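In: with the sequence up front, the predicted model follows.
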Amino acid sequence: MKVKPSALAVFANSKVKAKAEARRLSQAELEKLIASLNEALRAEKEKTKRKLEKDRVATIRKVNSLLAESGLKPEDLKKASAGTRGRKSTSKGRKAGTVAPKYRLVIDGKKHEWTGRGRTPKVFQAYFDAGNSRESCAIKS
């Protein structure tokens, strides 16, 4: 047996149908309908809020009864969790730290440094193409 959706559900899912139906009503009727719907929404939000608070209180009572059954106190939980930390964050989204340069060239009094990572800078590539090796410009530590 198929259940027919309510008229309000149909209008909530289709702006076109809602606008078509709204054209049939006067402005005063529309404002009255909107006020009624806003009041119903407020009442539903309040009902949901009360239910969540009731569930929270029930959960707290359940936890307290479990603590009493096991002979623990809330302070014991605080002590036990004091040494633990939350989840470690992954390295996603964090930028890698700066890396010390591994190679140095001084050309015309200008110092060029490169970490050896990523694409070879043009200055270093020209130096290597001229027959020089990476070891010749490596920074000795």
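Out: Nice, I can see it.
In: looking at this, K111 is in a helix?
Out: No: with DSSP: H, G, I helix; E, B strand; the rest coil as the criterion, K111 is strand rather than part of a helix.
In: who's in contact with it?
Out: Shown in contact with K111 (C-beta atoms under 8 Å, 6 or more residues apart in numbering): R104, L105. All C-beta atoms are positioned from the backbone trio N, CA, C, and that covers glycine.
In: would you confirm that W114 contacts Y127?
Out: No: here W114 lies out of contact with Y127, judged by C-beta atoms under 8 Å, at a distance of 10.2 Å.
In: which stretches of this protein have low pLDDT?
Out: In the predicted model, the chain carries pLDDT under 70 at residues 1, 83-94.
In: could you point out which element follows the helix ranked longest in the chain?
Out: Scanning the chain for the helix with the most residues, using DSSP state H, yields helix 27-70. Counting by DSSP states H and E, the next helix or strand C-terminal to helix 27-70 is helix 74-82.
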